[in-house]
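Q: Turn this into a structure:
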Amino acid sequence: MIGVIVSFEYDGALDRARVAGVAEKAAPSFEGMAGLRLKAFTIDEANDRAVNFYVWDDEEAARAFFGDELRERVTGLYGVAPRIDFVEIAALVDNTAAVVG
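A: This next block holds a predicted model:
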């Protein structure tokens, strides 16, 4: 498993509505995507950044996804170029199936 952290750092000009709108419109396109286990869109207003986190089953698929075309497209959507970091996932805890009671 591999994690990908995509950070959009703003220079004091984070547009929360813009970032939330990008997330809302893009989220359905990731549902059922082959090789992608999960994705989270985040907004960090205190630090003027948006950070998206992906968990992929396959490193090759993850690296192929984040090509130059995607980088250009998300730069246009978010208004700033992303920083993309690939990290090894040593362990993953998934409580989505847990029953709270």
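Q: and residue 86, how far is that from residue 19?
A: Relative to residue 19, residue 86 is positioned 22 Å away (criterion: Cβ to Cβ, to the nearest Å). From N, CA and C alone the C-beta is placed, and that goes for glycine too.
Q: what's the offset of the strand or helix carrying residue 76 from the middle of its chain?
A: Taking DSSP states H and E as the definition, residue 76 sits inside helix 68-78. Here helix 68-78 is found 13 Å from its chain centre; the criterion is Cα atoms, centre = their mean, to the nearest Å.
Q: who touches that helix?
A: By Cβ atoms under 8 Å, 6 or more residues apart in numbering, the list of residues contacting helix 68-78 from outside reads 6, 8, 18, 19, 22, 26, 50, 81, 82, 84.
Q: CSV for those, including secondary structure?
A: Listed next are the contacts of helix 68-78 as CSV, based on DSSP: H, G, I helix; E, B strand; the rest coil:
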residue, secondary structure
6, strand
8, strand
18, helix
19, helix
22, helix
26, helix
50, strand
81, coil
82, coil
84, strand
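Q: Can you tell me which of the residues you listed has the most neighbours?
A: The member of the contacts of helix 68-78 that has the most neighbours, counting by other Cβ atoms under 10 Å, is residue 50 with 26 neighbours.
Q: Could you report the separation of that one from residue 65?
A: Plainly put, residue 50 is 18 Å away from residue 65 if you go by Cβ to Cβ.
Q: do the same with residue 42
A: Taken as Cβ to Cβ, the span from residue 42 to residue 65 is 19 Å.
Q: Which one of the contacts of helix 68-78 is nearest to residue 95?
A: If you rank those by distance to residue 95 using Cβ to Cβ, residue 6 comes first, at 23.6 Å.
Q: residue contacts, that closest one?
A: 51, 52, 53, 54, 66, 74, 82, 83, 84, 85.
Q: mind listing which of those are in helices?
A: The subset of the contacts of residue 6 located in helices under the criterion DSSP state H comprises residue 74.
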